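Asks: Got a sequence here, can you model it:
(chains A, B, C and D, ligands or ions: 2)
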Amino acid sequence: MTDQIKKATRHTNQNEGLIFERSSPGKRAFELPPLDVPALDSAKSLGAHHRANGVEGFPEVSEIEVIRHFTRLSTWNYAIDLGMYPLGSCTMKYNPRVNEFVARLDGIATEHPYQPQELSQGCLKILQLLENCLLEITGMDAITLQPAAGAHGELTGLLLIRAYLEKQGNPRKKVLIPDSAHGTNPATAVIAGYEVENIKSESHGQIDVDKLRDFVTEDVAALMITNPSTLGIFEERIPEIAEILHAKGALLYMDGANMNALTGVTRPGDLGVDVMHLNLHKTFSTPHGGGGPGAGPVAMKKILEPFRPIPILVEKDGGRLALETVRPSSIGKVRAFGGNFGVLVRALAYILAYGPGVRQATEDAVLNANYIRKHLEGVFDLPYSLPSMHEVVFSDAIQKRNGINTMDIAKRLIDYGFHPYTTAFPLIVPGALMIEPTESESKEECDLFIQAMISIAEEAAANPDVVKSAPHTTRVRRLDETAAARKPILRWMPAATTSSAAG
Amino acid sequence: MTDQIKKATRHTNQNEGLIFERSSPGKRAFELPPLDVPALDSAKSLGAHHRANGVEGFPEVSEIEVIRHFTRLSTWNYAIDLGMYPLGSCTMKYNPRVNEFVARLDGIATEHPYQPQELSQGCLKILQLLENCLLEITGMDAITLQPAAGAHGELTGLLLIRAYLEKQGNPRKKVLIPDSAHGTNPATAVIAGYEVENIKSESHGQIDVDKLRDFVTEDVAALMITNPSTLGIFEERIPEIAEILHAKGALLYMDGANMNALTGVTRPGDLGVDVMHLNLHKTFSTPHGGGGPGAGPVAMKKILEPFRPIPILVEKDGGRLALETVRPSSIGKVRAFGGNFGVLVRALAYILAYGPGVRQATEDAVLNANYIRKHLEGVFDLPYSLPSMHEVVFSDAIQKRNGINTMDIAKRLIDYGFHPYTTAFPLIVPGALMIEPTESESKEECDLFIQAMISIAEEAAANPDVVKSAPHTTRVRRLDETAAARKPILRWMPAATTSSAAG
Amino acid sequence: MRYLPKSPRERQQMLAAIGANSIDELFACIPERFRLRDALKLPGPFSEAEVISYFKDRAAENSLGYTSFLGAGIYNHLRSVITDTILLRGEFLTSYTPYQAEITQGTLQAIFEFQTLMCQLTGQEVANASMYDGSTATTEAVLMAERLTGRARVLVARSLHPEYREVLRTYAKNSGLHVEEVGYVKDGTVDVAALKAALKDDVAAVVLQSPNFFGVLETLSEVADAAHHSGALLVVAIAEGVSLGAAKPPAEADIVAMEAQSFGLPPSYGGPYAGVVASRDKFVRQMPGRLAGQTVDAAGQRGFVLTLATREQHIRREKATSNICTNQALCALAATVHLTLLGKEGLREMAEQNLAKAQFALSLLEKIPGVRRSFSGTVFNEFTLEFPRSVRMINADLLKEKIVGPLALGPYYPELSKHGLVCVTETTSRTEIERFAQTVERILAKPA
Amino acid sequence: MRYLPKSPRERQQMLAAIGANSIDELFACIPERFRLRDALKLPGPFSEAEVISYFKDRAAENSLGYTSFLGAGIYNHLRSVITDTILLRGEFLTSYTPYQAEITQGTLQAIFEFQTLMCQLTGQEVANASMYDGSTATTEAVLMAERLTGRARVLVARSLHPEYREVLRTYAKNSGLHVEEVGYVKDGTVDVAALKAALKDDVAAVVLQSPNFFGVLETLSEVADAAHHSGALLVVAIAEGVSLGAAKPPAEADIVAMEAQSFGLPPSYGGPYAGVVASRDKFVRQMPGRLAGQTVDAAGQRGFVLTLATREQHIRREKATSNICTNQALCALAATVHLTLLGKEGLREMAEQNLAKAQFALSLLEKIPGVRRSFSGTVFNEFTLEFPRSVRMINADLLKEKIVGPLALGPYYPELSKHGLVCVTETTSRTEIERFAQTVERILAKPA
Ligand SMILES: Cc1ncc(COP(=O)(O)O)c(C=O)c1O
Ligand SMILES: Cc1ncc(COP(=O)(O)O)c(C=O)c1O
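Replies: Ligands and ions are numbered 1, 2, ... in the order given. Model (predicted):
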C-alpha cells in the first residue's frame, strides 16, 4: 500500500459463511420458559391440512454462534461510527446513542398502537412536541408524521396536492420534475397518478425560471423541487418559482432531503413552498441502519391540512391528546398504524439536544462542504460553480482523460479509509462525485479526506492502474454485478453450499 | 498469504491516534443539566490553596469523536465474540449477553452498598442464592463471595488457614506449592506471611505423593494444589494428599481456576479439599473485559467458617437477610464493601441458565480438549501423556529443531485467525503450548484450529521463516518489548506528540 | 454542542481557508429577507440526562403496569437481548444502503440471509428486503400483480386487516385499480363462493390474509385454484409471522406480503416494523424493493451485491416497480437475528405455545355465560368473541383492573359491534389469562 | 442448551474421533467413587426470559423509588450512555489481558490513555491499570512504600475511610507492618501535630485521604514536608475522584491510591469498581499491577505493550510486587471513556455543581434547629453534621418518606454517634435537597 494512506491499515478479521451452513439439528440459540398451560397436540388443534412441523431449512445454531456470526459480519461494514461517510444526498451524520436508549425505554418501545388513548398520553405528547418542532423548523402550518421515509412522504405530499386540486374540480395531469432530481421524485409522481414532465436545468444548474413559465400550464399539478438542489445549490429564485406556479393554480412541492443545509437558517414555508417532506433519517440523525428505517413527515400550508392522512393528532379540552380517524376529506391511510414512532422518538431526542442551537449544525455542515470544495477545486472538475451549501458535486472530467471514472475514484477512496461519496446521481453531472460531509466531521477528518482525494487525483495521472483496480485492501473486491443480475442467486439453498467457497 | 488460512482475511480498518491528540479547547462531549441551585465561586468556597481550574491536559473532544475513537480501537482487538480464544488456564468461554443485561438493571446496578438492609433484600437474596449454588457445586460447607479475583481469593483462603492455625496455637511457616502452579500462588503465600516451598512434580506431571510425605512437616501450613493441574491433568491421588496433610495438621488449598473441568462431575469438597477459590470470570462466564473485573469466591470446610471475612450474610427469623459485621474470629476485611456484586450477578445468571445442565458444559469442554489433543498428538510434542481434562499442554520440542518456539507458533496462529494459546506457563513445560478450548467452541471451530496448527507445524518444517516473522496480517507486528521496558513511556505527554507517528 | 466536533478556533481556521470572513457569507446565496434573524423557538438544548428524563417522564404516562390482550396485527413476543446487541453495533446501525459492496458485505450477507429466511417461511422462491410494513407490502404486492397481469380488478377479503385495506384503497385511487371486497362466512374464512362468482378474467389478484383479521386460518388451495383458473394471482398477507412456526407456509400464493414485526420487533406504538414481498423467481423483475444476490469477486470468492436494480427508482425513475428507496433494513436485520436465534425448533415451540395458550384462554372465556366464539374456524393465537354487551363498556371496566381488553370490532365491522378480538401469546402468563377471564366474568355478572 | 454450540450428532462424531465410547471415558481419571452420580441440586435451567424476570423480581425488592444522600466512598454521578455503548462492544468486553499485543492494541492503547488520565488527575508521573478497588489500592500503596523505604511503621489518619483502614489492617497483620492511627482536629483534618510527633525515621508511610471520610479536604503540603523530612512517603487516598475537577491534584504525594468508581461506574452494591496506584517515575519498579507502555513495532510504527512485567507474579512469583493478576480492566476502560467524554470542562463543571449543591444543602440543613456542622474544614460534596438525636432514629423516620438519610458515623467513630455524613452530587435535584431538609426539620420538630 502506498504511504499516502494515513487513515487506515489492513488488519486480519474473521471469515464467516452463511448461517445456514452452521446449522446442525439439535442446536438451540433460544429457549422458551416452560409452557404454563396444558400442552396441545398442534396437529389436532390446527388440523392436518394447516399444520407444518417447523420451517424447512431454518437454521439450528447456538447463541454464541449467532453472536459470532453477526459480529463477524458487522466487521466487514464501513459505518459512520468508524469514519467519514460523505455519501451525497444521504446526510450521513452522527447518530446519537442516547436516541437509541430512549427509543428502547419500557413505556416507549412497549406501547401497542391500539391501546386506549388514555394510556398513550406519553406517546401522543411526543408526537405533538415533534410536530410543533418541525413546524417551527419548516415554517409550515400543518404536518403529518406518518410517512415511513422520504419517498413515502413524497407520495403523501402529492396525494395531498391531488386531493386539494380534485376538490377544486380537477386533479390535473402533470408533475414537473427537474432533471437533477432524485429518482424517487418521478417514481412517486407516477404512483400518485401523474405524468412526469422532466425539466432541464439552466447552465448554472438551477431551475430555468423563464422556461418554467412555459411549462406551467393548467395541466400542471405541481413542481417538485429539491432545495438546495442535488447539486448542493440553493434555488435562489424559489419565491418567484412559487409565484409562477400559484398563478396557474399549481403547487410547489419541496423535497426536503437537503434540509440539513437550511435548518435554523431559512424556512421553506417562508419561501413559498406549499408542501414538503423531511427525512428524519438524514437531517434529524436517526440511524440509517443499513438502509432504513426512516421517517418522512410531510409539512404543508393550511390549504392542504384538511386532506392529511388519518389518524390526526388533536388536542382536546383540558390538554388531553387524541388520535382521530374520521376526516371526510382525508386522503386516507398511507400505512397501517401511526408511523415509525421509534424513529420519531429519535428525531425528537435530536432536536431537544440541540434546541435552537441546531443552526450551528447547519453552519458546520455548510462550512465542511465549502472547506472541501475549496481544497479540491481544480483538482477535480466543478461543473457547476454557484456557491455550495451542504454538499459539493464534482465530476470526473479531468480524470476521465486517463480513463479513470468516478466509480474508480470511489473504489480507491475505500483504500484510503473512507466511504465513497455518491456516484449515482445527479444525472445532470456525468461522472458525478457528490460529496456531503455533514457537520459531524472534524477538521482533521476533512483534511484527511482532502489529502486522500488529492492523492488519488495524482495517482489517476501518474499511475491510473492502481486506481482502476482498486480497492486493494478489502476482503472482496470488484464483485461481479453482471453475473449477479444475469443469473440471480437470491437465496441460499442446501445444494448451493457444497459448491460455493467459504465467505 | 497462504491458502491454508481459512479462518481470516485482511480487511482495511481505521487508524486512530491518542485521544489527547484530538483535543481542541472548546469541544465538549458531555453536557450537564443546568445547575438548579445558586452558583458558587469555587475559588472562594474551596479557597485558593485547594482550588484548581480543571485538570491540566485533559482531552476536549466531541461525542462522535469519543464513539469513533473507542470503536476504532476496539476493532484492533481479538475477542471471544470474534472467535476461538484458547488461552490455557483462562477459560475464555462465551460470555452470555443476558448477564450484561441483568447486571445493568435499575434496582441492581443502582444500589448503594450502605443503603439500609431492608431496602437491599433483593441484592441479599442474589448473594444467598449464589452462595448456595456454589456450595452445591464445590461440595463445601461455607463460602465468602468477597474476593475480587482468583489471586484475592487465594489470599483470603490462606488468611483463613492462618487464622485457623493461629487459633490452634501456631500459624506455621510454610506453604507448599507445586512447580506447575500459577504465579499468583507463590506471590499470594508471601503476602499471607508464609515462606514458599516449591515442590517438584513427578515425571507424569502429578504431585509426587511419596516425596510429599517428607515435605509435610509441622511447619507446613498448607499445600496449594491446582486441580486439574495446569497441565490439564486430574490429580488422581488428591484424597491421599489430603490425608497426608491432615495427618500433620496442615490443610489442603485448591486453586479452583480449572473448575471448568469438574463442575457437575466431581466436587472438591468430596475429594478432601479444605478451602478453595473459584474464578467466576473463568468457570462462570463473567466477561474478562480486557483483564477484569472478576470475582474469586472462597469456599471452605466448616472448620474455617468462623474466620470468614466480614460482612457475613445471615438469614434471620422470617427469612429476612442481613449482613453482619461483628465476628470476633474473622480475618477482617479483604476489600471495602461487599465484593464485586455486578460480577456475582452475572455468575448467578449463568448458573440459572444451565441449572444442573452445567455438567454438559464441563463435558463439552473436556470433549473439545481431547478432540484437539487427539489430532495434534504427534504433530506437537506432548510432554505429559496422562489423560487431559479441559486443556492440553504441548511443547515446542519438535519445532525447536527448526528454531521455532512456542511464541513463534503463537504469533503465526494470529495470521490463521486465532488468538494464541497460553505460552507463559506451566514452567515445568519448557516452550509450553497450553490450549484450553472451553465448551464454547463448535466442532467446526475446533477443526479449523486443528488444521491451522497442523499447517503451522508444516510451515515450521518447510518454511520456518514465515513462522518466525509472524504475524504478517496485523496492524502492528512484533512490538519492541525490550525498548518499552528499557525506557518506559507510560503516559502521553504533549511534547511526545509532535515526534511520534500516527497510530 | 456535544455532537459537533469543532472548536471555535477550528471554525475560524476553516473559514479562513475558504476565504470567508464569517459563516454568514456562506449563506449569502439565500436571499437576505428569507434568512432567519431570530433563533428558532425550540425547547432545549438538553443535556443527555435531560433528554433521558424527558422520555422517561413520557413513558410513565403510558401503559406500564397493564396487561394487554391486544394483537390485531401487532404482537407481543419474546425477544432476546442478543438482537439488540447486534443491532446496536455501530457497524450495522450507522451504515447505509450497501451501495459499495466491498465495505458493506456484512449488511449484504445479512440481507441475503433475510431473503432466505423469508423464502423458507413463506414457501416462496424470492423475497425482498424490505418494504415499509405489512400494509404497504400488501399494496405493493397488488400493484405487482397488476403489472404482471395487466389487469385492474382486485378482490380483497374483508377479513384482510382493515388498515391494510385502507392503505390499498389510498394507493389504488390513482392507479386505476378497482378494489372490491369479498365477505366472510360463518367459520370466519373468506366467502369462497362469492369470491368465485366475482372472479372474472379481468381480475389481477385475490387478496387474503391468514391467519386473517379474525384470527382464523384460511384454506388457500381452493382459492388459489380458482384464482389461477381465471388468470388471477393469489396474494396472501401474513400479519402474524409466528403462525408459520406451526402452520403451513402459503406456498400456493403467487405473492406473499408479510409483516415481520413478530420477529423481534417491539410494538413501539406503530413502528418501525418491516414489510416483505415474496414471490416466484419468474416474477422477480416485477418485484418492488431491494434484493441482494450472491456473486463472486475478482478473485473468485463468494460475495454479495445489490442486484436487479433496474427495477428500482434510482435507475428507472418513473418506470420503476416502486418508489421505495430508504426501507426498513435495520428491522429486517432484527428479524434475521431473531429468527436465527429461534431457529427451526424455537419458532415451532413458540408457535405451539401460542396455540396452546390461545386455546386455554378460549376455553376459559367460552365458559363465561353470554360469551361465545364468533367464528368456528381454526385459530392460531387470536380469536374473536361475541359478548353480551358492547366491548367498549367491558373494556372500560377491565381498564380499572389494569387490563387492556379485546379490540372492539365495531369500528371496523359495524355488523360485529359486540365482537372483540382477543390475542394471547407466549408472553401472556396463565395467571394473567385466568385473571382476565375471571374479571370478564365478574364484569358481565354485574348488570350493565 | 443455548450456550453450547454442539448437536448430539457432533458430540458423537467427536467422541468417535477421539476413540472414546462415551463421554464418561474422558472422566475415567477421576476415581469412580468421587464421580457424581446425581445431578447437582441447582435451580434452572432458565430460559433467557426467566433469568431476566428472576433479576427484575430481585431488583424490585431493593431501593427503587428512594432518594439517597449516601456517599462515603461510593458516589452517584451522571453517566453517559456512551460508556456502556463502548463497554458492550464484544471486542472490549470479551477480550482478556493483552498478552498478544498484535491483536489487543485496542485494549493496550486504552490502558495507556487511562494511565495518562490518572497521571493528569493525580499530578503523578505513572499510574497503573488497575487494582481491585480503592481500599486494596491504598493497601498496595502502603506495601509499596514499605518496599521502597524498607521501614515498617505506617501512620494512618483516622479520617481515612474506615473500610480502607480495615483492609490495610488485614493485609498488615502478616507482613510485619505496624499500623498506627492519627486522630483529627476540629476542622476535620488530620491532627498534624500528633502526626509530626509520631513521625520517626522508622515510618514508611503517612496515609491520608482527601477529601477525607468526613468530606473535608486535607492540606497536603505540611504533611508532605514532615513525612519527607523523616524519610517517609506520603500516601494519599482519593475516594471521590470528581473532587479533582475543582481541587488541586495531590501532587505532593509520593503515592496516590484512587478509587475510580466516581468515573462512570454504577454503585452496583459494592462493585466492581477500579483502584489505581499512581506514583513517581523513579518508583515504578516497585509498583504493583499492570502497566502499558509505548513502543514501536518492527516497521517503526507506534504501538503499545504490557511492560515492566518483571514486577508481576507471572514472572517473579514469590518475589512479585503484588499477587494481582486479573484486575478491573473493564472498569478502568469505563473510567477512560467517561473521563474522555467529560473532558476538562465537563469534569470541572461537574465538580463545581457538586460543590454548589453540597453548599446549598449544607446551608439549608445548618438552619435546622439542633443541627450543626461537625467540622469547620473545607468540604467538597460531602459534609458531616451533628444532630440532636441519634442518626439511626432520624433515618428510620426519613425512610418512611422514601429518603435514605445520612450515614451514621457511630459504628465507625464511637465519639461521633450523633453525627452523620451527608452526600450531595450533581444528580441530587434542588427539590430533593429541599424535601430532605424539610423532612429532617419536621422529624426533629417532633419529640423523639
Ligand atoms: C434528494 C432526495 N430525495 C428523496 C430521497 C428519498 O428519500 P428516502 O430514501 O427516505 O425514501 C432521497 C434519498 O436518498 C434523496 O436524496
Ligand atoms: C491456575 C490459576 N490460578 C490462579 C489464577 C489467578 O486468578 P486471577 O487472575 O483471577 O487473580 C489464574 C489466572 O489466570 C490461574 O490460571
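Asks: Count the neighbours of residue 326 for me.
Replies: In the absence of a named chain, chain A is used. Neighbours of residue A:326 under the rule other CB atoms under 10 Å in any protein chain shown: 9. (Glycine included, C-beta is placed from N, CA and C.)
Asks: look at chain C instead
Replies: Residue C:326 - counted by other CB under 10 Å - has 26 other residues nearby.
Asks: helix or strand for it, which one?
Replies: Using DSSP states H and E, residue C:326 is not contained in any helix or strand.
Asks: isn't it right up against residue A:290?
Replies: No: the pair residue C:326 / residue A:290 is not scored as a contact, 10.6 Å apart, by CB atoms under 8 Å.
Asks: Residue A:175 belongs to a strand, doesn't it?
Replies: Yes: remark: residue A:175 belongs to a strand, assigned using DSSP: H, G, I helix; E, B strand; the rest coil.
Asks: Please name the bridge partners of it.
Replies: residue A:196, residue A:222 (DSSP bridges).
Asks: Residue A:198 is in contact with that one, correct?
Replies: No: between residue A:175 and residue A:198 no contact is recorded; they are 10.1 Å apart, counting by CB under 8 Å.
Asks: Neighbour count: these two, which is higher?
Replies: The neighbour comparison of residue A:175 against residue A:198 (other CB under 10 Å) goes to residue A:175, with 28 against 15.
Asks: Just give me the neighbour total for residue 252.
Replies: Answering for chain A, as no chain was given. 26.
Asks: other chain: chain C
Replies: Neighbours of residue C:252 using other CB under 10 Å come to 18.
Asks: in what helix or strand does the residue lying closest to it once chain neighbours are set aside lie?
Replies: The shortest distance from residue C:252 to any non-neighbouring residue, by CB to CB, 6 or more residues apart in numbering or on different chains, is to residue C:224 (3.8 Å). Counting by DSSP H and E, the element that carries residue C:224 is helix C:220-229.
Asks: pLDDT averaged over that helix - what is it?
Replies: Mean pLDDT, helix C:220-229: 97.
Asks: Kindly report the same for stretch A:487-503.
Replies: Mean pLDDT, stretch A:487-503: 67.
Asks: Mind listing the shared neighbours of residue C:326 and residue A:290?
Replies: residue C:97 (CB atoms under 8 Å, 6 or more residues apart in numbering or on different chains).
Asks: what about the residue nearest to residue C:252, how many residues close to it?
Replies: Around residue C:224 sit 21 other residues, with neighbours defined as other CB under 10 Å.
Asks: and what of the one 5 residues further on?
Replies: Under the neighbour criterion other CB under 10 Å, residue C:229 is assigned a count of 11.
Asks: With adjacent residues omitted, what lies nearest to it?
Replies: Once flanking residues are discounted, residue C:229 sits nearest to residue C:199: 7.7 Å by CB to CB, 6+ apart.
Asks: Also residue A:218?
Replies: residue A:248 (6.3 Å).
Asks: just checking, the one you found touches residue A:216?
Replies: Yes: assessed by CB under 8 Å, residue A:248 is found in contact with residue A:216 at 4.9 Å.
Asks: So if I had to pick from the two, which one is more boxed in?
Replies: residue A:216 (22 against 16).
Asks: For the more buried one, give its distance to residue A:202.
Replies: 16 Å (CB to CB, to the nearest Å).
Asks: that's a helix at residue C:278, yeah?
Replies: No: counting by three-state DSSP, one finds residue C:278 to be strand, located in no helix.
Asks: In chain A, what residue comes closest to ligand 2?
Replies: Residue nearest to ligand 2 within chain A: residue A:64 (21.5 Å; CB to the nearest ligand atom).
Asks: Quickly list what the nearest residue to residue C:190 once chain neighbours are set aside is bridged to.
Replies: In space, and not counting its chain neighbours, residue C:190 is closest to residue C:157: 4.3 Å by CB to CB, 6+ apart. Judged by DSSP bridges, the bridge partners of residue C:157 are residue C:182.
Asks: residue contacts, residue C:157?
Replies: So residue C:157 contacts C:181, C:182, C:184, C:190, C:195, C:206, C:207, C:208, C:209, C:212, C:218 (CB under 8 Å, 6+ apart).
Asks: Can you read off the pLDDT for residue 252?
Replies: This is for chain A. According to the prediction, residue A:252 has pLDDT 98.
Asks: not quite, I wanted chain C
Replies: With respect to pLDDT, residue C:252 scores 97.
Asks: what's the neighbour count on residue 148?
Replies: I'll assume chain A. By other CB under 10 Å, neighbour count at residue A:148 equals 30.
Asks: Oops, wrong one, chain C.
Replies: Neighbours of residue C:148 (other CB under 10 Å): 19.
Asks: Check residue A:56 too.
Replies: Neighbour number of residue A:56 under other CB under 10 Å is 12.
Asks: quick one: the nearest residue to it once chain neighbours are set aside from ligand 1, how far?
Replies: Leaving aside its chain neighbours, residue A:56 sits nearest to residue C:120 (6.2 Å; criterion: CB to CB, 6+ apart). Separation of residue C:120 from ligand 1 (CB to the nearest ligand atom, to the nearest Å): 29 Å.
Asks: what's the answer for residue A:166, then?
Replies: Residue A:166 is 25 Å from ligand 1, where distance means CB to the nearest ligand atom.
Asks: That residue sits in which helix or strand?
Replies: helix A:150-168.
Asks: just checking, what packs against that helix?
Replies: Here helix A:150-168 touches helix A:184-191, strand A:220-226, strand A:251-256, strand A:275-278, strand A:298-300, going by 3 or more CB pairs under 8 Å, 6 or more residues apart in numbering or on different chains; DSSP states H and E.
Asks: returning to what we had before: against which helices or strands is the helix holding residue C:224 packed?
Replies: Using 3+ CB pairs under 8 Å, 6+ apart, helix C:220-229 sits against helix C:192-198, strand C:203-209, strand C:233-238.
Asks: Strand partners (parallel or antiparallel) of the second one?
Replies: Partner strands and pairing direction for strand C:203-209 (DSSP bridges) are strand C:153-157 (parallel), strand C:233-238 (parallel).
Asks: Kindly provide the distance from residue A:218 to residue B:416.
Replies: 73 Å.
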